[in-house]
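> I need the structure of the sequence given here:
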Amino acid sequence: MFDTLSDRLTGVFDRLRGRGALNEADVREAMREVRIALLEADVALPVARKFIDAVTEKAVGHQVLRSVTPGQQVVKIVNDELVAMLGGEETSPLTLEAKPPVVIMMVGLQGSGKTTTTAKLAKLLKEKHGKKALMASLDVNRPAAQEQLKVLGDQVDVLTLPIIAGQQPVDIARRALESAKLQAIDVLLLDTAGRLHVDEALMAEMKAVAAVATPTEVLLVVDSLTGQDAVNVAQSFSDEVPLTGVILTRMDGDARGGAALSMRAVTGKPIKFAGTGEKLDAIEPFHPGRVAGRILGMGDIVSIVEKAAQVIEKEEADKLAERMLKGQFDMNDLRTQLRQMQQMGGLGMLAGMMPGMKKAKQAMAASGMDDKVLVHMDAIIGSMTPQERQRPELMNAKRKKRVAAGAGREVQDVNKLLKMHQEMGRAMKQIKKMGGLKGLGALFGGGGMGGPGGAGPAALGGPAGGLPGLGGGAGQLPSNLQDLLKKN
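This next block holds a predicted model:
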């Protein structure tokens, strides 16, 4: 979503970092380019102006211009202001500790993705928070809106309020509240009606429902693809309804990102969740610090770690590590690894979240290399016999030709896959010679990651070897990642 903005900002900062010293004119020129980039990304003009003024004031200070790495100090200031503009370092969780049933009211324009987001949120509350949820559709205007929520409820295994034809929104809200109390429901989600535009009838209905249901959370669902207009919609709703937060949908799209950057500043309400796809599990808490890191090309290692934790079973990972260190890594194991990469979002997504991998991602796109590569590799392994998968050394020219034909690929593709497997095997043997994973840990930190003189958090973020895009005093890893490394 932020690719265009990220490219523009990365270009500006690369030029800044390429200079040994900066003067005030250099900084102001760079800030003019940043301002243009923000406006082109559809960021609201007052928000862009305020952002640039805050960054410029800090960046032209004596300490920055006279520091050893002024370019990197400016990037750090921009990162900090970007995080502040998006709502601060911390996420904004839902208030779920009130007396049950906690009522969450979903509001927004028609077509913003309210109904699907309601189901996604219910699934998240059930699976991640262990809450018993009930969904109720108050949309009596859009054809089959109530039936849609019922179907989604069946898919995510969450209760939905039975439909009574002809009942009006306020009466449905009362019935939903009574039903939630009778069934000992923890969270009641009300999917309200939308309109094609903000009008008096819509706002009157919102207020009437809110008066009956007394919601703990009123969440505005906004389609990030609507750009600057999304900010106007958010402003209209926040003037009329007591919003507690915003959910941005279609964050995986090719929107310019201005809505996300402007939303917090314009409404004063936190962005609580981001919809990242069509699937019903494609919703995640909005992390301002991580989004800022992605925009500035600093990556998002913590999100990769979290995705890996969701996809990879610890027992399986331990078994695989043990097999690799014993030199028993076969094509079945490689296939498991490839499928896990696909489940985590594919090569492009992972490259985009790795620090300093922005250019690598662009090179992949230019060379035509995409996530189909993983599918092709999987097809090649699937074309092998069980014996060949367990003993790749059996693959002679005749077998390679048969496997390539079965997978619809070239023999060269089979050779590349086999070479990749061999190199991974060799790497594991080297680690084994060094004393296994413990020996590797000792090499990096005198007995563990982050030990004296090792490549722990301090060394990774120190002046000599900071992550791409950060360095010097500014090159510290995010505190949550430092804690993660310390624990391991």
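> Just the terminal-to-terminal distance for stretch 249-259.
Stretch 249-259 has an end-to-end distance of 11 Å (C-alpha to C-alpha, to the nearest Å).
> what do you get for stretch 384-399?
End residues of stretch 384-399 are separated by 8 Å (C-alpha to C-alpha).
> What residues of it count as buried?
Residues of stretch 384-399 classed as buried: 384, 388-389, 392, 395 (neighbour count, 16 or more other C-beta atoms under 10 Å). Any C-beta I mention is one placed from the backbone N, CA and C, and that applies to glycine too.
> Make JSON lines out of those and add distance to A201.
Shown next, in JSON lines, are these (distance: C-beta to C-beta, whole Å):
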{"residue": "M384", "distance to A201": "63"}
{"residue": "E388", "distance to A201": "67"}
{"residue": "R389", "distance to A201": "63"}
{"residue": "P392", "distance to A201": "67"}
{"residue": "M395", "distance to A201": "69"}
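> from those residues, which two are the most distant?
Maximum pairwise distance among the buried residues of stretch 384-399 (C-beta to C-beta): 10.1 Å, between R389 and M395.
> re earlier: turn the buried residues of stretch 384-399 into CSV, including secondary structure, distance to S236 and pLDDT.
Putting the buried residues of stretch 384-399 into CSV (DSSP: H, G, I helix; E, B strand; the rest coil; distance: C-beta to C-beta, whole Å; pLDDT from 0 to 100) gives the following:
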residue, secondary structure, distance to S236, pLDDT
M384, coil, 59, 91
E388, helix, 63, 90
R389, helix, 59, 88
P392, helix, 62, 87
M395, coil, 64, 90
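> what helix or strand is the residue of the chain most remote from its centre on?
In the chain, the greatest distance from the average C-alpha position (C-alpha atoms, centre = their mean) is reached by K398, at 44.9 Å. Using DSSP states H and E, K398 sits within helix 397-407.
> Only the buried residues of that helix, if you could.
Quick answer for helix 397-407 (16+ other C-beta under 10 Å): 400, 402-404, 407.
> which of those lies closest to K123?
For the buried residues of helix 397-407, with K123 as the reference and C-beta to C-beta as the criterion, the closest is A407, at 35.8 Å.
> Hmm, K400 and that closest one touching each other?
No: using C-beta atoms under 8 Å, A407 makes no contact with K400, being 10.7 Å away.
> Can you pull the residues that touch both of these two?
V414 (C-beta atoms under 8 Å, 6 or more residues apart in numbering).
> ok, then the element right after the helix holding K398?
Next element after helix 397-407 (DSSP H and E): helix 411-433.
> So which elements touch that next one?
Contacts defined by 3 or more C-beta pairs under 8 Å, 6 or more residues apart in numbering; DSSP states H and E place helix 411-433 against helix 314-325, helix 331-343, helix 372-382, helix 397-407, helix 436-445.
> angle of that helix against helix 397-407?
110 degrees (axes from the mean of the first three to the mean of the last three C-alpha atoms, to 10 degrees).
> Return the distance of helix 411-433 from the chain's centre.
Here helix 411-433 is found 31 Å from its chain centre; the criterion is C-alpha atoms, centre = their mean, to the nearest Å.
> Cool, thanks, talk later.
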